[in-house]
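Asker: my questions are about this predicted structure, shown below with the sequence.
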Amino acid sequence: MPEFQPFVPADQNPPEFTLRAVLLGSLFGLIFGAVTVYVGLRAGLTVAASIPIAVITISALRYKGKPSVLETIIVQTCGNAGQSIAAGVIFTLPALIFLGFDLEYFRIFMLALIGGYLGVLFMVPLRRPLIVEEHGVLQYPEGTACAEVIKAGATGGSTASRVFFGLGLGAVYALFQNGSLFGAWPGTPEYQPDFGDQHVLRGASIKADATAEYLGVGYIIGARTAGIMFAGGVVSWLVIMPLLYFFGKNLPNPIYPGTVPIAQMSPSDLWATYIKPMGAGAVAAAGLITLCKTLPTIIGALRSGFAQMRHRATAVAEPLRTERDLSMGTAVLGSVFLVLLMFFFLWLKPVPGAQVGLLANLGASILVVVFGFLFVTVSSRIVGLIGSSANPISGMTIATLMATSAIFLVSGWTTPAFGALAITIGGVVCIASAEAGDTSQDLKTGFLIGATPLKQRYAFLIGIAVSTVAIGVTLNVMNTGMQEFREAPHTWDIAASHEGVTVLENTHGLIDRFPVKAPNGAITQHNKSEYIVLNALGSSELADGKYLYSPTTHRIEVQWIPGIGSEKAAAPQARLMATVISGILSRKLPWGLVLVGVFLVIGVELLGIRSLTFAVGAYLSIGTTLPIFVGGVVRLLVDAAAKKAGGGEEGDTSSGSLFASGLIAAGGVVGLLGVINAWLQMKFGWPNPIGWPHTFFFNAWVSVVAFALLAYSLYYFARKPLKK
């Protein structure tokens with residue numbers, strides 16, 4: 001077989017690791033890191049950023065003269081690092097909130113940095129055996145597609161205009177749709193069916209958070225995946241929730257884990273109380289099933305990886321530019337340093353209220369190495385076979401958490417502090433695995449184009465460091481900007497013992513003055529100093545969450561709903577991780593609901609349907625899955641029209657996919673601006689300075705029509721061919 005020749009031969013040295021490439025890549029790392037956090041927490045999934053970054057980069061660098069394709073590789077590598085780190089972070093670290101702890105910025109930054117760097121360094125011995133020696137065997141689909149985009153740009157093809165059209169139109173739409181910005185029409189139109197004297201379908205809800213990013217996500221993942229996800233939402237919101245109301249409406253007492261009778265619950269209350277535990281069980285079961293189904297691939301990845309590493313141990317380093325990489329010695333020393341850094345970080349700066357001993361912190365660091373290298377190896381090979389989007393990161397993380405929690409349980413370490421330590425271990429492993437998967441794709445792109453691996457490593461390290469800044473800020477702003485305070489009067493004896501309810505000494509996340517919403521919609525301002533903060537987790541008296549107790553009235557007066565975990569940012573994977581840890585360590589879960597989710601997933605698997613996608617849809621609000629499904633339907637119509645015209649189905653670099661990528665980026669960026677605006681209003685008590693008065697436009701049908709027009713624009717530009 002002839003030796004592979006890259007697009008840029010090894011004996012050529014065009015500009016590559018330039019200042020403008022690093023700066024532009026860092027900018028993309030900030031933007032796409034923040035956008036991934038925003039979209040991922042809300043939609044429960046992420047989409048690849050490498051192709052839109054490459055497309056925009058080609059035009060941006062061309063503005064200052066003809067760019068080197070290797071500069072494009074550096075920008076894409078640096079910028080894409082933020083997306084992969086963000087994905088690993090949002091799947092795990094928000095679980096600290098659900099376990100009753102604060103999500104501190106510095107903790108997010110350090111754990112993301114350590115996990116990301118470990119993912120890059122653990123990949124050093126794997127690059128040659130996986131990327132080079134198995135070229136033609138491991139396809140790395142996203143990396144190969146990105147290479148084709150870069151080649152097209154270098155040879156005169158133009159695709160960036162379609163991304164910019166999506167960015168512009170999506171941004172204008174999002175400005176008017178977002179209730180925290182102009183809010184010209186309802187952002188989430190809703191219909192709650194209630195037919196006849198028998199109240200048929202009461203408890204159900206049909207609504208759509210009609211955002212540009214959800215439409216784009218649905219288009220990119222395709223009609224089948226979007227349809228399976230929406231099917232999960234239909235089962236939860238239009239089947240199970242009406243059944244809950246039908247059978248529970250005449251019961252005078254609450255049903256665990258609920259704290260009020262079902263007849264008094266809104267659809268959102270039913271979802272938060274009963275569907276979330278069921279959905280967590282479904283996602284856990286689906287993740288483990290996915291992991292089991294990929295075990296042959298995982299075992300093969302480990303065997304092949306270790307065998308080829310042993311084979312290469314005595315090999316002489318290649319002198320070619322395209323083979324220059326970090327040495328094994330540097331990778332080992334860097335990994336040891338990062339593990340020691342994690343140990344001292346856990347020891348010197350534990351999670352507030354979650355202090356553990358030196359032995360536990362040392363054990364945590366060792367587990368990070370063991371599980372980290374195992375799943376980095378697995379992730380790097382799996383993405384070469386099935387792509388990053390199908391990489392079972394959540395399943396690997398669940399396996400890590402279950403093993404870690406089981407070790408803690410056997411050791412007698414079952415206090416909430418060890419739950420926080422377990423999620424720290426799982427978080428670093430998840431971030432390292434996610435980064436390794438995307439690193440493999442980017443290294444494949446570099447291999448096909450002819451980039452220098454060592455300079456790509458430098459770009460990874462810079463991109464990770466820069467993007468973690470935006471990721472931590474975005475998480476905290478979303479948690480604060482989307483939070484709600486609702487009146488929830490409840491008699492409470494704070495001096496008595498209440499299982500599952502603790503007093504929080506550290507109330508860093510609670511702002512000094514906050515608005516409280518009454519059932520009739522009236523808003524009153526309250527002060528932090530008036531209350532004691534309680535955290536409920538696994539209580540039979542209070543639903544999981546945070547509550548504000550007034551020493552003056554001797555009652556719980558307010559329910560504090562953090563932004564992360566609310567209906568607006570459900571964070572399903574992180575909720576799942578918290579459920580797994582809490583269930584194992586406390587041995588107390590609403591097992592009836594969890595097992596309903598488990599067997600629901602088993603039934604879906606028996607039908608031959610991808611259960612993980614269905615399970616995520618069953619957990620998420622139907623307000624999320626419905627607009628994603630609309631995007632999938634648009635993709636279906638585009639594919640049908642293309643097939644009728646004699647063409648093929650859409651690909652990752654097609655006109656519609658590029659336009660949809662622009663919609664996602666626009667919706668994410670403008671959505672973040674809305675969250676920041678809401679945060680400023682809450683913190684300083686400002687009115688919305690750009691909010692439109694509620695005119696006749698503020699009608700659900702206006703929202704539906706506006707979203708339909710945006711969907712049509714997606715169809716139109718998807719059918720319009722790209723200029724060559």
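Answerer: Thanks, I have the structure now. Numbers count the residues shown, from 1 in each chain.

Asker: what's the burial count for Ala403?
Answerer: The number of residues packed near Ala403 is 16, by other CB atoms under 10 Å. C-beta: built from backbone N, CA, C; applies to glycine.

Asker: over to the one 4 residues further on?
Answerer: Using other CB under 10 Å, Ile407 is surrounded by 14 other residues.

Asker: now swap in Gln681 and tell me
Answerer: The local packing of Gln681 (other CB under 10 Å) involves 17 other residues.

Asker: does it count as helix, strand or coil?
Answerer: Secondary structure for Gln681, judged by DSSP: H, G, I helix; E, B strand; the rest coil, is helix.

Asker: quick check, it in contact with Pro687.
Answerer: Yes: contact criterion CB atoms under 8 Å: Gln681 and Pro687 qualify, at 7.0 Å.

Asker: gap between Trp591 and Pro193?
Answerer: For Trp591, the distance to Pro193 equals 31 Å [CB to CB, to the nearest Å].

Asker: these two: who's more crowded?
Answerer: Pro193 (15 against 12).

Asker: can you pull the contacts of the more buried one?
Answerer: For Pro193, the contact set (CB atoms under 8 Å, 6 or more residues apart in numbering) comprises 200-202, 204, 206.

Asker: out of the helices and strands in this protein, which is least certain?
Answerer: helix 295-312 (a mean of 59; mean pLDDT, DSSP states H and E).

Asker: neighbours around Lys349, how many?
Answerer: 12.

Asker: now it: phi and psi?
Answerer: Backbone torsions for Lys349, taken as degrees, to the nearest 10, come to phi -140, psi 70.

Asker: and it, what's its pLDDT?
Answerer: On pLDDT, Lys349 comes in at 84.

Asker: surely it and Arg107 touch.
Answerer: Yes: the pair Lys349 / Arg107 is scored as a contact, 7.4 Å apart, by CB under 8 Å.

Asker: now the strands for the stretch 351-500 of the chain?
Answerer: Here the stretch 351-500 of the chain has its strands, by DSSP state E, counting those that start in this stretch, at 484-491.

Asker: any weak-confidence spans in it?
Answerer: Scanning the stretch 351-500 of the chain for pLDDT under 70 picks out 352-354, 382, 385-392, 394-395.

Asker: over to the stretch 601-724 of the chain?
Answerer: 647-653, 682-686, 688-689, 691-696, 722-724.

Asker: of the contacts of Pro193, which is the most crowded?
Answerer: Using other CB under 10 Å as the neighbour test, the contacts of Pro193 are led by Ala204, with 24 neighbours.

Asker: ok, now which ones touch that one?
Answerer: 192-193, 237-238, 241-242, 267.

Asker: tell me the secondary structure for it?
Answerer: What three-state DSSP gives for Ala204 is coil.

Asker: same check, this time on Thr502
Answerer: Three-state assignment for Thr502 (three-state DSSP): strand.

Asker: that one and Ile532 touch, don't they?
Answerer: No: assessed by CB under 8 Å, Thr502 is found out of contact with Ile532, at 11.1 Å.

Asker: coming back round to it: tell me which of the contacts of Ala204 fall in helices.
Answerer: Among the contacts of Ala204, the members falling in helices (DSSP state H) are 241-242, 267.

Asker: and of those residues, the nearest to Thr18?
Answerer: Pro267 (54.1 Å; CB to CB).

Asker: and the closest residue to Asp493 other than its chain neighbours, what pLDDT?
Answerer: Nearest non-adjacent residue to Asp493, counting by CB to CB, 6 or more residues apart in numbering: His554, 7.8 Å away. Listed pLDDT for His554 reads 90.

Asker: before we move on, what about Glu104?
Answerer: On the pLDDT scale, Glu104 gets 84.

Asker: what do you get for Val120?
Answerer: 92.

Asker: equivalent analysis for the one 4 residues further on, please.
Answerer: Per-residue confidence (pLDDT) for Val124: 84.

Asker: residue contacts, it?
Answerer: Residues in contact with Val124 (CB under 8 Å, 6+ apart) are 325-326, 328, 330-331, 457.

Asker: hmm, try it at 6 Å
Answerer: Contacts for Val124 (CB atoms under 6 Å, 6 or more residues apart in numbering) come out as 326, 331.

Asker: what's the answer for Leu607, then?
Answerer: Applying CB under 6 Å, 6+ apart, no residues contact Leu607.

Asker: could you do the one 4 residues further on as well?
Answerer: Taking CB under 6 Å, 6+ apart as the definition of contact, the neighbours of Ser611 are 286, 289, 601, 604-605.

Asker: columns neighbour count on top of these, output as TSV?
Answerer: Shown next, in TSV, are these (neighbours: other CB atoms under 10 Å):
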residue	neighbour count
Ala286	31
Ile289	21
Val601	26
Val604	25
Glu605	18
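
Asker: now the two most distant members of these.
Answerer: Largest separation among the contacts of Ser611 by CB to CB: Ile289 and Val604, giving 9.7 Å.

Asker: check the offset of the lengthiest helix in the chain from the chain's centre.
Answerer: As assigned by DSSP H, the longest helix anywhere in the chain is helix 416-449. Centroid separation for helix 416-449 versus its chain: 13 Å, with CA atoms, centre = their mean, to the nearest Å.

Asker: just say helix, strand or coil for the closest residue to Ala666 other than its chain neighbours.
Answerer: Among residues not flanking Ala666 along the chain, Gly170 sits closest, at 3.1 Å (CB to CB, 6+ apart). Following three-state DSSP, the label given to Gly170 is helix.

Asker: who's in contact with Gly170?
Answerer: Taking CB under 6 Å, 6+ apart, we find Gly170 in contact with 212, 662-663, 666-667.
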